[in-house]
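Q: Here is my input, please return the structure:
(chains A and B)
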Amino acid sequence: MLQKIGAPDAEALWEAIPPEFRVRGPLPVDPPLAEYEIARRFGRWAEENADAQHYACFLGAGIYDHFIPAAVRSLLSRSEFATAYTPYQPEVSQGTLQTIFEYQSMICELTGMEVANASMYDGATACAEAAHLAVGATGRRVLLVSSGVHPHYREVIRTYASAGSFEVREVPLERGATAMAALQRALSPEVAAFLWAQPNFEGVVEDGAALTKAAQAAGGYSIASADPVALAVLKPPGEDGADIVVGEGQPLGVPMGYGGPLVGFFSIRKKDVRRLPGRLVGVTADLEGRRGYVLTLQTREQHIRRERATSNICTNQGLMALANTIHMALLGSQGLREAALQSMEKAHYLASRAAQVPGVTLANGETPYFREFVLRLPGPAADFLKSAEKRRILAGVPLERFDRTRTKDLLVAATEKRTRDEMDRYIEALTDWARACSRATVKEAAWQS
Amino acid sequence: MKVPPDLKYTKEHEWVRVRGQEAEVGITDFAQGELGDVVFVELPAVGQKLTQMKSFGTIDAVKTVSDLFAPVSGEVTAINADLKNNPALINQSPYEKGWMVRVKIQSPDELGKLLSAADYEKALGAHA
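A: Residues are numbered from 1 along each chain as shown, chains lettered A, B, ... in the order given. Below you'll find the predicted structure:
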């Protein structure tokens, strides 16, 4: 090959790289390992992770540790599902198309809406696409977003908006819930939609009916980003008249995997079906009258409509949407409701015990919440996390990560998987740390005086 | 394929029927035949201002979608509301029941840029 390209030796190929940047001699890496040695080494590294299998997990912030029946994984890994590609050809894709149709139907039931698409990448892109739909439908250019919407979702929305198609304005929270007076002030004939979260990022249950009413009274759309587990017990935003209901599907049978893969759901009113982004599966009948499933209204999509498509997302998160479908089918509405209620009761038990620990308060006071809440600690939340980790507890997500001023605020979630023992150990860890914290403060005060 | 002699046409296959100050607009028999079954039309709102040869809406057939181009500039005075529930009227009756919008003609000079039936038929010759 060197001869063919006219190079005298391999060294000549690297000539363009200055000599001082070239490695002389062997690479400074370990010698090769046998397969079993590699497996052992990686196994050891994996054991250093503080994961939800070995730690009591009170993390939430958009990703939740709900129970997933083993059948979900086992069905997902069937090759007919795991390797399936876009079902353009209905005559050979009835199985895939039917699961998507079932998925859409279940999402509609959960959200109280009329049409759901075949899924989006995640909750964040679902929110951004919803904003885009509302801007197109209303011909207005301002999107109001509650600060209760996940900070990462808000970033993704701003990224979409940076292309110039709409402008984002935020509506602040007041004691954890969207500030109604601020929303009223922000609403105007320029506002295409108001996007809010149910429950919101701080776990608070919003007054969905009032928010939707306010947004629509100003001629804008009401877009809810809802938690699908919460929808099993809370009134679905669709029943309060929301125009679009989207959300993150991870809590329905998708494992927590370092933030992914995720899956977004997207549901709307029939009036906007021509503006729906992504895939849509419909049911029809063949020439002999037998039921069949097909991708429908494809002229909205990028492969036909090109630059005039309703969205640049022309795919769905098929396998994760299937995980949602199997999970919901296995639990049923009763099972889903039980998971939601248990999560809520456990979170409320933990919160009320935590609020009794001297120096610890609930940051949002009496505002109602679902399975997540904010603790205000007597010292830096990062300190408590370190001390709890030593007791094999992942105690929460520090809000300092999203807002530098909130060093003492910790976002804590509980699902139906948390046991009484795990929660009591949490309180023990919190009590011990708070005590040590107050002693340190007293000492510091004595020293300063 | 019908090309009524009393109408004016665009190269993009829209027809125009001039009635005093107003122009009625639709797509030609040839266009509807090429598109196949029309399933949806997105039309502008009454009061919206159209600009000659700029897109004023879209038309969806089962497997394709096309822009609709305004043959003349002006304000939309009426839209064909029947098309919302029955877009197939465009296939069945492209020059009568399948009309799309009526526009208040802004500058009559623009009509001069449109094709006559004979010219349009000549242009179609290249297609046919």
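
Q: ok, now how distant is residue A:366 from residue A:425?
A: 27 Å (Cβ to Cβ, to the nearest Å). For every residue, glycine as well, the C-beta is placed using N, CA and C.

Q: wait, I meant residue A:339
A: Counting by Cβ to Cβ, the separation of residue A:339 from residue A:425 is 22 Å.

Q: neighbour-wise, which of the two wins?
A: Higher neighbour count among residue A:339 and residue A:425: residue A:339, with 23 against 16, using other Cβ atoms under 10 Å in any protein chain shown.

Q: what kind of secondary structure is the more buried one in?
A: helix (DSSP: H, G, I helix; E, B strand; the rest coil).

Q: Can you pull out the low-pLDDT segments for chain B?
A: B:126-128 (pLDDT under 70).

Q: and it, which residues reach chain A?
A: Within chain B, the residues that sit near chain A (Cβ under 8 Å from any Cβ of the partner chain) are B:39-40, B:42, B:58, B:60-65, B:67.

Q: Taking the centroid of chain B, which residue is nearest it?
A: Centroid-nearest residue in chain B, with Cα atoms, centre = their mean: residue B:26, separated by 2.5 Å.

Q: tell me the phi and psi of that one?
A: In terms of degrees, to the nearest 10, the main-chain angles of residue B:26 are phi -160, psi -170.

Q: same check, this time on the one 4 residues further on
A: Phi and psi for residue B:30, reported as degrees, to the nearest 10, are phi -60, psi -50.

Q: Looks like it contacts residue B:124 (just checking).
A: Yes. Using Cβ atoms under 8 Å, residue B:30 is in contact with residue B:124, at 5.8 Å.

Q: So for the two, which residue has more residues nearby?
A: A count of neighbours by other Cβ under 10 Å puts residue B:30 above the other of residue B:30 and residue B:124, at 20 against 16.

Q: which ones are touching that one?
A: Neighbour list for residue B:30: B:1, B:3, B:13, B:124, B:127 [criterion: Cβ atoms under 8 Å, 6 or more residues apart in numbering or on different chains].

Q: ok, residue A:369 to chain B distance?
A: Distance of residue A:369 to chain B, computed by Cβ to the nearest Cβ, to the nearest Å: 43 Å.

Q: ugh, typo on my part, it should be residue A:182
A: Distance, residue A:182 to chain B, using Cβ to the nearest Cβ: 32 Å.

Q: Let's verify that residue: helix, strand, or coil?
A: Strictly by three-state DSSP, residue A:182 counts as helix.

Q: pLDDT score assigned to it?
A: If you check residue A:182, the pLDDT there is 98.

Q: burial of it, as a residue count?
A: Using other Cβ under 10 Å, residue A:182 has 17 other residues around it.

Q: In contact with it, which residues?
A: Neighbour list for residue A:182: A:171-172, A:174 [criterion: Cβ under 8 Å, 6+ apart].

Q: thinking again about what came up before, looking at the contacts of residue B:30, which one is closest to residue A:158?
A: Residue A:158 has its nearest neighbour among the contacts of residue B:30 in residue B:13, at 41.6 Å by Cβ to Cβ.

Q: wait, what's in contact with the closest residue to that closest one other than its chain neighbours?
A: Leaving aside its chain neighbours, residue B:13 sits nearest to residue B:31 (3.7 Å; criterion: Cβ to Cβ, 6 or more residues apart in numbering or on different chains). Counting by Cβ under 8 Å, 6+ apart, residue B:31 touches B:13-14, B:94.

Q: Reformat these as a markdown table; add neighbour count and secondary structure.
A: Output for these, formatted as a markdown table (neighbours: other Cβ atoms under 10 Å in any protein chain shown; DSSP: H, G, I helix; E, B strand; the rest coil):
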| residue | neighbour count | secondary structure |
| --- | --- | --- |
| B:13 | 23 | coil |
| B:14 | 23 | strand |
| B:94 | 23 | coil |
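
Q: need the residues of chain B next to chain A in a markdown table with distance to residue A:108, neighbour count and secondary structure, can you?
A: Shown next, in a markdown table, are those (distance: Cβ to Cβ, whole Å; neighbours: other Cβ atoms under 10 Å in any protein chain shown; DSSP: H, G, I helix; E, B strand; the rest coil):
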| residue | distance to residue A:108 | neighbour count | secondary structure |
| --- | --- | --- | --- |
| B:39 | 22 | 17 | strand |
| B:40 | 22 | 17 | strand |
| B:42 | 25 | 15 | strand |
| B:58 | 27 | 17 | strand |
| B:60 | 24 | 23 | strand |
| B:61 | 28 | 20 | strand |
| B:62 | 25 | 12 | coil |
| B:63 | 27 | 12 | coil |
| B:64 | 29 | 14 | coil |
| B:65 | 26 | 21 | strand |
| B:67 | 32 | 12 | strand |
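
Q: Redo these as CSV? Include distance to residue A:191.
A: Formatted as CSV, those follow (distance: Cβ to Cβ, whole Å):
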residue, distance to residue A:191
B:39, 32
B:40, 28
B:42, 23
B:58, 26
B:60, 29
B:61, 35
B:62, 36
B:63, 37
B:64, 35
B:65, 30
B:67, 29
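
Q: what sits up against stretch A:18-32?
A: Contacts for stretch A:18-32 (Cβ under 8 Å, 6+ apart): residue A:14.

Q: Could I get the CA-only coordinates of that stretch as CSV?
A: Output in CSV follows, covering the C-alpha atoms of stretch A:18-32 (Å, rounded to 0.1, in the frame of the first residue of the first chain):
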residue,chain,number,x,y,z
PRO,A,18,5.6,18.0,14.5
PRO,A,19,8.2,15.7,16.1
GLU,A,20,7.6,17.1,19.7
PHE,A,21,4.0,15.9,19.5
ARG,A,22,4.9,12.3,18.5
VAL,A,23,5.1,9.5,21.1
ARG,A,24,8.5,7.8,21.1
GLY,A,25,8.7,4.2,22.1
PRO,A,26,5.7,2.1,23.3
LEU,A,27,2.4,3.7,24.3
PRO,A,28,2.2,4.2,28.1
VAL,A,29,-0.7,1.8,28.5
ASP,A,30,-1.0,-1.6,30.4
PRO,A,31,-0.2,-4.7,28.5
PRO,A,32,-3.0,-6.7,26.9
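
Q: Pull the number of nearby residues for the residue in the stretch 51-200 of chain A positioned nearest to chain B.
A: Sorted by distance to chain B under Cβ to the nearest Cβ, the residues of the stretch 51-200 of chain A start with residue A:139, at 8.7 Å. Neighbourhood size, residue A:139 [other Cβ under 10 Å]: 9.

Q: do the same with residue A:417
A: Close neighbours of residue A:417, defined as other Cβ under 10 Å, add up to 18.

Q: Now do the strands in chain B.
A: Ranges of strands in chain B, per DSSP state E, are B:8-9, B:14-19, B:22-27, B:38-42, B:49-50, B:55-61, B:65-69, B:74-79, B:101-105.

Q: ok, back up a step: list only buried entries from the contacts of residue A:182.
A: Neighbour counting by 16 or more other Cβ atoms under 10 Å in any protein chain shown classes residue A:171 among those as buried.

Q: Same list (the contacts of residue A:182) but as TSV, adding pLDDT, distance to chain B and secondary structure.
A: Below are the contacts of residue A:182 laid out as TSV (pLDDT from 0 to 100; distance: Cβ to the nearest Cβ, whole Å; DSSP: H, G, I helix; E, B strand; the rest coil):
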residue	pLDDT	distance to chain B	secondary structure
A:171	98	29	strand
A:172	98	35	coil
A:174	96	38	strand
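
Q: nearest to residue A:45, of the contacts of residue A:182?
A: residue A:172 (43.0 Å).

Q: wait, isn't that closest one in contact with residue A:148?
A: No. Residue A:172 is beyond contact range of residue A:148, at 9.2 Å (criterion: Cβ under 8 Å).

Q: Name the residues that touch the longest helix along chain B?
A: The longest helix of chain B (DSSP state H) is helix B:117-127. Here helix B:117-127 makes contact (Cβ under 8 Å, 6+ apart) with B:1, B:3-7, B:9, B:11, B:28, B:30, B:115.
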